[in-house]
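J.: Structure, please.
(chains A and B)
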Number of protein chains: 2
Amino acid sequence: MNLMIDLRKVTRVNVSTRDLQIQKTYETLFALEDLRELFRQSLPTGFNDAEKEEFSRNLARVKATIEELEKGEGKLTCQKIGNKLDVRSREEEFINIHPIQAAGRLTPEARKAIISYGDGYSTCDYCRKPFRLDKITRPPIEEFHQDLAKFVNMDQTRVVPGARRGFQAVTQSLVEKGDSVIVSSLAHYTEFLAVEVAGGVVKEVPQNESHVVTAEATAQKIEDVKKETGKLPALIMIDHFDYQFANEHDVYGIAKVAKEYGVTFLYNGAYTVGIKPVDGKKIGADFIVGSAHKSMASVAPSGVLATTDEWAPKVFRTTQMVGDVTKRKFGIKEVENIGCTLMGGTLISMIASFPRVKARTENWDEEVKKSNYFLEQFQRIEGSKVLSEQPRKHTLTKVDTTGSFDTVAKTHKRRGFFFSDELKDHGIIGEFAGATRTWKLNTYGLSWDQIKYTAESFIDIAEKYGLKIN
Amino acid sequence: MNLMIDLRKVTRVNVSTRDLQIQKTYETLFALEDLRELFRQSLPTGFNDAEKEEFSRNLARVKATIEELEKGEGKLTCQKIGNKLDVRSREEEFINIHPIQAAGRLTPEARKAIISYGDGYSTCDYCRKPFRLDKITRPPIEEFHQDLAKFVNMDQTRVVPGARRGFQAVTQSLVEKGDSVIVSSLAHYTEFLAVEVAGGVVKEVPQNESHVVTAEATAQKIEDVKKETGKLPALIMIDHFDYQFANEHDVYGIAKVAKEYGVTFLYNGAYTVGIKPVDGKKIGADFIVGSAHKSMASVAPSGVLATTDEWAPKVFRTTQMVGDVTKRKFGIKEVENIGCTLMGGTLISMIASFPRVKARTENWDEEVKKSNYFLEQFQRIEGSKVLSEQPRKHTLTKVDTTGSFDTVAKTHKRRGFFFSDELKDHGIIGEFAGATRTWKLNTYGLSWDQIKYTAESFIDIAEKYGLKIN
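T.: Residues are numbered from 1 along each chain as shown, chains lettered A, B, ... in the order given. Next up is the predicted model:
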């Protein structure tokens, strides 16, 4: 295979130059931030002499660093931010196959936006009556909320500090103490907690032998709950793709069943909204929850809660509390959101990434193709298995290398870390360090070149340790 | 006055050069982000020919922009991020006296940190057992939690998505349906909502004629609640400095009263934690809540919830929910926090700003001095009043210019906006645009030069419109 030969020729060649250039990119960015700070500390009328001097000094530093960046020369001088934080350059230096980081990587637009809007309440410059985040028109936050609703084809949306806070707003609005909430037996822990904090009790729908949750099983569970508790569950909350296998669960069928029983349905799109098309009306969901730091290229914590005009008055209900002394009311503030939610860099990163996020959902089939290609190659390594359903319908996958890389780990002095070491040497990170039995990886957002390179690297490592390639 | 003469000489001179340099700083930062993206899109083995070419092109752009930045020349070419977001350069171009933005402005360290850690789950690279944010040691998140606890002299802390989510965690843990919660009659709306979402009822402590909440009034309110409802309030929640006047309320005395009655006390430090020393043990607080995007130079939404070892098991209680089918448990995850809270840029900005934030609380007296100096000058403008208590003990202040600038607004064709226009012409922003009666301003973080310049600018504007200066 040509690619393999190429790979062997180039692996780790020029890497130190590249790494240095990456560090010099950061160093230049940081030097520019120091220069920017001078503007912040000075009078609007201009620099005084001392500031002029510092400006020149800073500028000289910026220029010198760029010189080094260009040539790939110089010493590493900016490895720490303050004295405790390492520069995080893994997205530049490596191919990252981390299961939950792939689709949360910022777009260049989001990175620019947070440079500009990082400050605390940066979105609140033009906050006017009625003083609520989603009503602000400059920056275009109100418009973004409408765009978001269209994006998932629902009537109304709010941004929330992570999908979990979206679940919570719904459970706390709908679930009374002791109520049952049906979740998947592959439900994420945050769904458990959202039910618990509302005083509810989770009831899991069993998965079938292929680790899939079906409409039939959900209907059966509704019947079981009804029989056991004497009433219907207060809510059904199902992940379209779960966090364990990223298998697709029958959300269309489940929504239909929910409707038949008259039970409210929340679609958990933490692994879909922002990477594949999601149509809430077509699904028949009462609520759609998405995670922006997981799947919408945004700063954490961020997410989206979308609903219908029917449910909005309940879950987005506004405060009724009146001060007994002052008679104060804060009429437009929403109780479950505790008023405004993402008042700065988190929301701005969502807005800045949104055009690209919207566009990329159209390429989902290609992403899935790359995922399947990688896993085909991966399975050529004898003893390597895919535990998720196949063909893959997602880019997140659970794999089992007990029969391949783990056999090497058994006798290697670095144990399972030999595999991490090898991947790192090939410029790949994001595996669970030391794990060589079952673990997860995500190929989302990798180019075909990066996918092929990653596949070849796996095979290369396998060959090095004498594993059989089919 | 010398400064005034200087001011007149320099106002708006060179401003276009400065503004251009600021824009060119952003343009360079953005060009570097485009260059950085090339590393992200390429193979770890190095650039291919097309990428090499693009790298050179990007680098040339960076260098050209820096050239323009140095000379203060060139055209503005980067005024939008994507096609919807304006570059936000008000912190560089202007002196910002916005009431709630002052102490949330990022430190240079925080800005560098979010450049590096903006990506979604950027803090989770080394998340290992027991898989909880506050236990992560790389970056040093666990250590930061300990530092934070020391900083406010409490036993335990968690980071939360804004002070409001800290209130909510406490109310939802302590307040049963129908319970009374005592708040200040100057309480922030988020306290109202946090009580409402927990099913409680707010009971306001009246303020005295100086707009101050005293221990006596609080004791009286406890008695009133007891008489009216037959039981003690479930919680007392008082702002050390309120959002309206930023008057100091007797939290020490109130904590003592709370203890005497055996009622739990939450200290709302949204306007203190991160700018002035706060000692939870000395105050006698059961809970301390702070806002990081308001007062700790951090990305929103972020904040801190601190408590004692006595209360931690209740408010930080871990999940008890068990899956009925799978028997799954997520033992270490905390119910009220819905597991992890700030998994990326928000937390990293808190950590990066922390050393400077800690240090700046030691300069609080100087900040208050500057606040008082500014207001002395401000009150030289006849008809201008300070509605907050004086001498000021805070940098946030409510002022009344009905007798000064509003008299001009009455006949000015731009109405109250004349004042905003004038301030802007002097390089000052952050007032409530158009307001010339009662409004708020915050001098936090301004240097003495900036303070004096701001004071002179106010006087300059007053003189221009024939207002009398005393």
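J.: contacts, neighbours, all on C-alpha from now
T.: Will do.
J.: Pop the domain breakdown of chain A in here.
T.: A:15-83, A:122-360, A:364-464 (automatic domain parsing).
J.: will you turn these into TSV that also has mean neighbour count and mean pLDDT?
T.: As requested, the domains of chain A are arranged in TSV below (neighbours: other CA atoms under 10 Å in any protein chain shown; pLDDT from 0 to 100):
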stretch	mean neighbour count	mean pLDDT
domain A:15-83	18	93
domain A:122-360	22	98
domain A:364-464	20	98
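J.: how about these, which one is nearest residue B:323?
T.: domain A:122-360 (6.3 Å; CA to CA).
J.: picking that back up, for the domains of chain A, could you give me TSV that also reports distance to residue B:89?
T.: As requested, these are exported to TSV (distance: least, CA to CA, whole Å):
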stretch	distance to residue B:89
domain A:15-83	10
domain A:122-360	10
domain A:364-464	32
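J.: From the centre of chain A outward, give me the first residue you hit.
T.: Centroid-nearest residue in chain A, with CA atoms, centre = their mean: residue A:294, separated by 0.8 Å.
J.: Now for it: which residues touch it?
T.: Applying CA atoms under 8 Å, 6 or more residues apart in numbering or on different chains, we find residue A:294 in contact with A:100, A:101, A:102, A:103, A:104, A:270, A:271, B:120, B:121.
J.: Is it in a helix, a strand, or coil?
T.: helix (DSSP: H, G, I helix; E, B strand; the rest coil).
J.: Identify, from the contacts of residue A:294, the entry nearest to residue A:71.
T.: residue A:102 (30.7 Å).
J.: now that closest one, nearest residue through space, not along the chain?
T.: Leaving aside its sequence neighbours, residue A:102 sits nearest to residue A:444 (CA to CA, 6 or more residues apart in numbering or on different chains; 5.6 Å).
J.: Which residues of the stretch 201-350 of chain A lie near chain B?
T.: A:201-206, A:292-294, A:297-301, A:319, A:321-326, A:330, A:334-336, A:338-339, A:341-346 (CA under 8 Å from any CA of the partner chain).
J.: Hmm, residue A:201 and residue A:195 touching each other?
T.: Yes. Residue A:195 is within contact range of residue A:201, at 6.3 Å (criterion: CA atoms under 8 Å).
J.: who touches both of these two?
T.: With CA under 8 Å, 6+ apart, residue A:195 and residue A:201 have common neighbours residue A:181.
J.: For residue A:139, give me its contacts.
T.: A:123, A:126, B:84, B:85, B:86.
J.: Recalculate using a threshold of 10 Å.
T.: A:122-127, A:348, A:351, B:84-88 (CA atoms under 10 Å, 6 or more residues apart in numbering or on different chains).
J.: Please narrow those to those residing in helices.
T.: In this view, the contacts of residue A:139 that belong to helices under DSSP state H are A:348, A:351.
J.: about what we covered before: I'd like the list of the residues of the stretch 201-350 of chain A next to chain B that fall within strands, please.
T.: A:201, A:202, A:203, A:204, A:205 (DSSP state E).
J.: Next, the closest residue to residue A:309 other than its chain neighbours: phi, psi?
T.: For residue A:309, ignoring the flanking residues on the chain, the nearest one in space by CA to CA, 6+ apart is residue A:155 at 5.7 Å. The phi/psi pair for residue A:155 (degrees, to the nearest 10) reads phi -80, psi -40.
J.: wait, doesn't residue A:155 sit right on residue A:306?
T.: Yes. Using CA atoms under 10 Å, residue A:155 is in contact with residue A:306, at 7.3 Å.
J.: between the two, what contacts are shared?
T.: A:148, A:149, A:280, A:312.
J.: ok, of the residues you listed, which one's closest to chain B?
T.: Using CA to the nearest CA, residue A:148 is the member of the shared contacts of residue A:155 and residue A:306 that lies nearest chain B, at 14.6 Å.
J.: who are the neighbours in contact with whichever residue of the stretch 351-470 of chain A sits closest to chain B?
T.: Of all residues in the stretch 351-470 of chain A, the one sitting closest to chain B is residue A:427 (5.3 Å; CA to the nearest CA). Contacts for residue A:427 were tallied using CA under 10 Å, 6+ apart; they are A:11-12, A:15, A:90, A:93-96, A:421, A:453-454, A:457, B:43-45.
J.: Same check on residue A:378?
T.: A:372, A:384-386, A:399, A:401, A:454-459, A:462, A:469.
J.: swap in residue A:155?
T.: Here residue A:155 is in contact with A:146, A:148, A:149, A:280, A:281, A:306, A:307, A:308, A:309, A:310, A:311, A:312 (CA under 10 Å, 6+ apart).
J.: so the fourth one sits right up against residue A:240, yeah?
T.: Right, residue A:280. No. Using CA under 10 Å, residue A:280 is not in contact with residue A:240, being 11.7 Å away.
J.: if I look at these two, which residues touch both of them?
T.: With contacts defined as CA under 10 Å, 6+ apart, the residues shared by residue A:280 and residue A:240 are A:252, A:267.
J.: if I look at the residue nearest to residue A:309, how far off is residue A:318?
T.: Applying CA to CA, to the nearest Å, the value for residue A:155 to residue A:318 is 18 Å.
J.: tell me the angle the lengthiest helix in chain A makes with helix B:15-41.
T.: In chain A, taking DSSP H as the definition, the longest helix is helix A:15-41. Interaxial angle, helix A:15-41 versus helix B:15-41 (axes from the mean of the first three to the mean of the last three CA atoms, to 10 degrees): 150 degrees.
J.: helices or strands up against helix A:15-41?
T.: If contacts are counted by 3 or more CA pairs under 10 Å, 6 or more residues apart in numbering or on different chains; DSSP states H and E, helix A:15-41 sits against helix A:49-71, helix A:90-93, helix B:15-41, helix B:90-93, strand B:95-96, helix B:108-117.
J.: what would the ones you listed look like in JSON lines with distance to residue B:415?
T.: Below are the helices and strands packed on helix A:15-41 laid out as JSON lines (distance: least, CA to CA, whole Å):
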{"stretch": "helix A:49-71", "distance to residue B:415": "38"}
{"stretch": "helix A:90-93", "distance to residue B:415": "52"}
{"stretch": "helix B:15-41", "distance to residue B:415": "26"}
{"stretch": "helix B:90-93", "distance to residue B:415": "23"}
{"stretch": "strand B:95-96", "distance to residue B:415": "22"}
{"stretch": "helix B:108-117", "distance to residue B:415": "38"}
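J.: and of these, who's closest to residue B:168?
T.: Per CA to CA, nearest to residue B:168 of those: helix B:108-117, 26.9 Å.
J.: Give me the next element, helix or strand, following the closest one.
T.: helix B:141-151 (DSSP states H and E).
J.: Please state the offset of that following helix from the chain centre?
T.: Per CA atoms, centre = their mean, to the nearest Å, the displacement of helix B:141-151 from the mean C-alpha position of its chain is 19 Å.
J.: who's in contact with that helix?
T.: Contacts for helix B:141-151 (CA under 10 Å, 6+ apart): A:84, B:123, B:132-137, B:153-159, B:273-274, B:277-280, B:288, B:304-308, B:347-348, B:350-352, B:354-355, B:358.
J.: Counting by contacts, list what the helix or strand following it packs against.
T.: Counting by DSSP H and E, the element after helix B:141-151 in chain order, helix or strand, is strand B:156-160. With contacts defined as 3+ CA pairs under 10 Å, 6+ apart, the packing partners of strand B:156-160 are helix B:141-151, helix B:163-174, strand B:287-291, strand B:303-307, helix B:345-361.
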